[in-house]
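J.: sequence-free structure coming up:
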């Protein structure tokens, strides 16, 4: 039973809540409309139905106005995505042209030779082994991003493929729905999750597009790869060569896909790379 | 003696009929509601596309493009896609040039898709529930399995008089409209709006 003095207070409190709550609800409701597809959705805080970051000024009684141009915006006026920062465009374009010739006269013929000489199942099996060897990179990157579930999935994949999959030759983990199609993590993405901006866009000789953040991340990936620290013969060199030869046909295919129908192949690759990496950080 | 019918007997007698009508109408309503969802429209479009190329193993890309164009035009809003791709450059074109730009750009997109499409390969697309993007537009996330690869795709659709139509496709986070807009912007800044049309014509030669 509520004492009568509290009962008297209850009504004004409920009325006050009623007045304040619509403002909060509108803020939460309007959030999805402004959300860019692929952007991370704020999760509600524990014990609260309101997503984090949607708190508005408590005493604001004004009705939230819709975006001024939301209703009249035409497709061509839509802001789609900011372009990649490219202060070194002249230098990058030069390297891009050089790479194009390297791909055309060296790597594409090598890719054709590889696919001609090595049967596809063998190429896939070799690729699976190299993918398995990089598991520690993905596990540590997932953990550093606070993605425990993804780290567990990667650990599960490593265990299943190393044992049932005969050292990674067979991707046995694909038989398990939870271990299938796990998004790959690396240190470039980890830095992105930590809030490090991509920095200027770079085109590296032969290696191709990178952001400064991903270039540093690539160094961290190498450090986290176990064979880097194994001094048995030239194991590190051979695994790197083998991995690149095996991945070359796929890389050449990706390059062709990005440039074949482009009006400006340099910009097409730059924008595709930066959008892809932005998406990889967000997912 | 004539037995007076029970007051409830007549409605009870109609119950099965009423139930049947209710079930049928409910089914119709749910079928109509389902028909309106972007996911259903996309599934139908994909089935139609795959059906039209089935068994045409030796079709060359030009023939394939001709065959697929009418179907793609029904499910894609090429004008909307071109406007988004051209961005501010769209308003610099006169109506005739805008029409030409739409025609050229749609040709580039259709050729691009058909040149990579292998009618022999199995395509499996799993659509997820659409996400509201505001202003009546929706995004339908999907996972496409093609030639042993799983690719994340998002179809952005908008309502039109003939139902939902695709105005952008985002593959692994790379938006088609956004990617082409960057290219068009660069060409337009260097050579003006006419250069954009020339670049597209050159590409199709």
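T.: Nice, I can see it. Nothing here was measured: the structure is a model prediction, and the numbers come from that model.

J.: okay, CA-based contacts and neighbour counts for the rest of this
T.: Noted.

J.: residue contacts, residue A:281?
T.: By C-alpha atoms under 8 Å, 6 or more residues apart in numbering or on different chains, the contact set of residue A:281 is A:189, A:190, A:192, A:193.

J.: Next, residue B:165: secondary structure please.
T.: At residue B:165, secondary structure determined by DSSP: H, G, I helix; E, B strand; the rest coil is strand.

J.: got the contact list for it?
T.: Counted by C-alpha under 8 Å, 6+ apart, residue B:165 has contacts B:74, B:75, B:76, B:77, B:157, B:158, B:159.

J.: Any of those residues buried? List them.
T.: B:75, B:76, B:77, B:157, B:158, B:159 (16 or more other C-alpha atoms under 10 Å in any protein chain shown).

J.: about what we covered before: columns secondary structure and distance to residue B:145 on top of the contacts of residue B:165, output as JSON lines?
T.: Converted to JSON lines, these look like this (DSSP: H, G, I helix; E, B strand; the rest coil; distance: C-alpha to C-alpha, whole Å):
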{"residue": "B:74", "secondary structure": "helix", "distance to residue B:145": "24"}
{"residue": "B:75", "secondary structure": "helix", "distance to residue B:145": "21"}
{"residue": "B:76", "secondary structure": "strand", "distance to residue B:145": "21"}
{"residue": "B:77", "secondary structure": "coil", "distance to residue B:145": "24"}
{"residue": "B:157", "secondary structure": "strand", "distance to residue B:145": "21"}
{"residue": "B:158", "secondary structure": "strand", "distance to residue B:145": "25"}
{"residue": "B:159", "secondary structure": "strand", "distance to residue B:145": "27"}
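
J.: pLDDT value on residue 18, please?
T.: Here I'm looking at chain A. Residue A:18 is assigned a predicted lDDT (pLDDT) of 39.

J.: I was after chain B.
T.: Note for residue B:18: predicted pLDDT of 44.

J.: ok so, going back, next step: the contacts of residue A:281 restricted to strands.
T.: With strands defined by DSSP state E, no entry of the contacts of residue A:281 lies inside them.

J.: Most neighbours of all these, which one?
T.: Within the contacts of residue A:281, residue A:189 tops the neighbour count with 26 neighbours, counted by other C-alpha atoms under 10 Å in any protein chain shown.

J.: just so I have it, where are all the helices in chain B?
T.: With DSSP state H as the criterion, chain B has helices at B:9-35, B:38-53, B:61-75, B:78-86, B:95-116, B:176-191, B:193-204.

J.: which stretch among these comes nearest residue A:98?
T.: Nearest of the helices of chain B to residue A:98, taken as C-alpha to C-alpha: helix B:176-191 at 20.4 Å.

J.: Tell me the residues on chain B that lie near chain A, please.
T.: Applying C-alpha under 8 Å from any C-alpha of the partner chain, we find that chain B lies next to chain A at B:80, B:83-90, B:108, B:112, B:132-135, B:139, B:150, B:172-175, B:177-180, B:182-184, B:199-200, B:203.

J.: are any of the residues you listed buried, and which?
T.: B:80, B:83-90, B:108, B:112, B:132-134, B:139, B:172-175, B:177-180, B:182-184, B:199-200.

J.: Can you get me a residue count around residue 195?
T.: The chain I'm using is chain A. 10.

J.: try chain B instead
T.: Using other C-alpha under 10 Å, residue B:195 is surrounded by 15 other residues.

J.: In this structure it contacts residue B:188, no?
T.: Yes: counting by C-alpha atoms under 8 Å, residue B:195 does reach residue B:188; the two are 6.3 Å apart.

J.: Give me the nearest residue to whichever residue of chain A sits closest to chain B, chain neighbours excluded.
T.: In chain A, the residue found nearest to chain B is residue A:76; the distance is 4.1 Å by C-alpha to the nearest C-alpha. The shortest distance from residue A:76 to any non-neighbouring residue, by C-alpha to C-alpha, 6 or more residues apart in numbering or on different chains, is to residue B:87 (4.1 Å).
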